[in-house]
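Visitor: Everything below, folded, please.
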Amino acid sequence: MKKLIALVLALLLVFSLAACGGKDTPAPAPSDGGGGEEIPDEDIPDAAQLVSDAFIDPIGAWSQYDELIAQIKAETDFAHRTELMHQAEDILMATNCVIPIYYYNDIYLQKDYVSGIYSNPYATKFFMYTKLDNGSDTLRLNLSSEPDYLDPALNSSVDGACLAANSFSGLYTYDASGVPVPACATGYEVSDDGLTYTVKLREGLKWSDGSDLTAEDFVYSWKRAASDETGADYAYMFDNIKGFPDIDVSAPDATTFVFTLNAPCAYMEDLMAFPTFFPVKKEAVEGYADWQTSPGGWCQEAGFVSNGAYVCTGWNHEQSMTYEKNPYWYDADKVTVEKLEYMLSSDDTAIYAAYNAGDLDFADAVPTDEVASLLNNPEFHIVDELGTYYVAFNAKSKIFEGKTPEQAACMREAFMIMIDRDYIVENIGQTGQVIANSFIPLGMADGNGGIFKSDASVGYFESKGVNDDYEGTLEKARTLLKAAGYTFGEDGKLTAETPIQLEYLTNPTSGHIAIAESIQQDLAALGIELTIQQQEWNVFLEERKAGNFDFAREGWIADFNDPINMLEMWTTVSGNNDCQFGR
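Guide: A predicted model of the protein is given here:
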């Protein structure tokens, strides 16, 4: 049925995927509404025998994972470090809370008179060197809806990172080839043991208000971002700096910044280019009345002090933002676009209409049902990224109440193997995404001169099992659920005595909704009732972070090219640990 629909849509050149017409999988016999007569099962599988050897209780025993991550970050033998990172991914994937769907690429629309915009492999886009050949000095663009935070220490979203990269400048940044290069710094020296960094800053650095920016500003900013009081999601990124959370950083003079690590770090330049490590002005932060209880409040309206290529001069909440060229930026002479005008919206249909009407020069979102018609359009761009689109369970969800940790893992594995990833990438993604069967993405470096995962066919589960052996996969899923205490009727679906009903949380863009509906249909074959709840972007982020969900759409684009970035986010104290491991 699914293939037939896809064929018809292809012939019509219309891919109306949000509706998700049907699935090309054999349908079980119709249910009688009560799950049918229960089939006696004298040989109930033992959940403890079905979980991976790497499995640990993701709530009660997660300190073992935390300790392993700490060991990885202290390890100086890089070959052994790589082995330990494989062990950490084994443990993470054995929980079955993290369910990979595909490895990311990025798409956007850009008018033919626009040039100079570039993106790094971590989805941060840089607009400061844009050139416009249409006679305008204003770039009109869309990245997303209302940003969660503009404070670089508090942001944890991709769109927020793009805003930060264009309005703040760290010690390092990325060039058009994705390589870290000096920004506020001119370079650095490292001690023979690889632990102490002495960074030299440019002379004459200024804040956007014209005041001097010195090494002391980096001391304040790094200490602030690492401190428990600030509550930054990314505070753990500073934990390799001596003394964390009261990190060992100093400013011997106005242009010298010194910090000491616990262990050598191969990706330190990437960290120095990451928004959480950007400087903020103390007087601006602490000039906000409630700065101690609301650390990001100082930059929730236009006019805040920054130090990047552009300054936020206008903010019509939920609608638009205006950024203007900062004449005090160290590279201002190379900035030819005087103004950035942002359309704030997550409605990809409205964004696409604005782009086609000539109201946008750059759009970072495209409706799913328009992708196929744009594949040969020179204004449509597909770029590689290092990241994974996945769905995730809250390990503390009420749906696991009364289950042993092993039974809960079996439940989640049943969900994982039933998802038709091939349908998702071919008919919803449509831009060559690679099906994922591990969390760490294909092509990521291993920190030891090699590639952590180079073969898409090697992973933690049969990613196309539901396509290659549908009935066998369905039966395996039933076995896993039986081990968790569920029973099935003659129709092959869950009985009324042991239902599974849960809610799937997503933000409302056409692609995410289409994927949710596809998963909903996949799971219905087992009688699982999945309800889709849509939430606006900022609410969605906060609800996931707080653990107010059963099952949710997720995505993680790497912050730098090392597997530790994909692994350390799952420690108990991490602000990015949406699965609530260890809590």
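Visitor: where in the stretch 251-400 of the chain is pLDDT low?
Guide: Of all residues in the stretch 251-400 of the chain, none has pLDDT under 70.
Visitor: could you pull out the strands for it?
Guide: Using DSSP state E, counting those that start in this stretch, the strands assigned to the stretch 251-400 of the chain run over residues 256-260, 310-316, 320-325, 339-343, 362-363, 380-393.
Visitor: from the ones you listed, which stretch is densest packed?
Guide: Of all the strands of the stretch 251-400 of the chain, strand 362-363 carries the top mean neighbour count, a mean of 25, counting by mean count of other CB atoms under 10 Å. For glycine as for every other residue, the C-beta is placed from the backbone atoms N, C-alpha and C.
Visitor: So what's the gap between it and the chain middle?
Guide: For strand 362-363, the gap between its own C-alpha mean and the chain's C-alpha mean amounts to 20 Å (CA atoms, centre = their mean, to the nearest Å).
Visitor: Now do the same for residue 409: its pLDDT.
Guide: The pLDDT attached to residue 409 in the predicted structure is 98.
Visitor: Any idea which of the strands of the stretch 251-400 of the chain gets closest to residue 570?
Guide: Nearest to residue 570 among those is strand 380-393 (10.3 Å), distances taken as CB to CB.
Visitor: surely residue 274 meets residue 237?
Guide: Yes: taking contact to mean CB atoms under 8 Å, the distance of 7.0 Å between residue 274 and residue 237 places them in contact.
Visitor: Tell me the residues that contact both of the two, please.
Guide: With contacts defined as CB atoms under 8 Å, 6 or more residues apart in numbering, the residues shared by residue 274 and residue 237 are residue 559.
Visitor: And the contacts of the helix ranked longest in the chain?
Guide: Among all segments of the chain classified by DSSP state H, the helix with the greatest residue count is helix 78-94. Helix 78-94 has contacts (CB under 8 Å, 6+ apart) with 51-52, 54-56, 64-65, 68-69, 71-72, 75, 98, 266, 409, 438-440, 446-450, 452, 460, 563-564, 566-567, 570.
Visitor: Repeat the analysis, applying 6 Å as the threshold.
Guide: Contacts of helix 78-94 from elsewhere in the structure, counted by CB atoms under 6 Å, 6 or more residues apart in numbering, are 52, 54-55, 65, 68, 72, 75, 440, 446-448, 460, 563, 567, 570.
Visitor: which one of the residues you listed sits closest to residue 541?
Guide: Nearest to residue 541 among these, counting by CB to CB, is residue 570 at 17.2 Å.
Visitor: Now residue 494: closest residue in space that isn't a chain neighbour?
Guide: Here the nearest residue to residue 494 in space, its sequence neighbours aside, is residue 527; by CB to CB, 6 or more residues apart in numbering that works out to 3.8 Å.
Visitor: Phi first, then psi, for the one you found.
Guide: Here is the backbone geometry of residue 527 (degrees, to the nearest 10): phi 90, psi 10.
Visitor: So it sits against residue 495, correct?
Guide: No: taking contacts as CB atoms under 6 Å, residue 527 lies outside contact range of residue 495: 8.1 Å.
Visitor: Neighbour count for those two, which is higher?
Guide: The residue with the greater number of neighbours, taking residue 527 and residue 495 and applying other CB atoms under 10 Å, is residue 527; the counts read 23 against 19.
Visitor: Go through the helix or strand containing residue 565 and flag the buried ones.
Guide: Taking DSSP states H and E as the criterion, the element that holds residue 565 is helix 564-567. For helix 564-567, the buried set under the neighbour-count rule, 16 or more other CB atoms under 10 Å, comprises 564-567.
Visitor: now for that helix, which elements pack on it?
Guide: Here helix 564-567 is seen to pack against no other helix or strand when contacts are counted using 3 or more CB pairs under 6 Å, 6 or more residues apart in numbering; DSSP states H and E.
Visitor: Export only the CA atoms of it, formatted as PDB.
Guide: In PDB, the C-alpha atoms belonging to helix 564-567 read as follows (Å, rounded to 0.1, in the frame of the first residue of the first chain):
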ATOM      1  CA  ILE A 564      32.900  12.000  23.600                       C
ATOM      2  CA  ASN A 565      30.500  14.800  22.600                       C
ATOM      3  CA  MET A 566      27.800  12.200  21.800                       C
ATOM      4  CA  LEU A 567      28.500  10.300  25.000                       C
END
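Visitor: taking the mean pLDDT, what do you get for that helix?
Guide: Averaging pLDDT residue by residue across helix 564-567 gives 98.
Visitor: Off-centre distance for that helix?
Guide: The gap between where helix 564-567 is centred and where its chain is centred comes out at 12 Å by CA atoms, centre = their mean.
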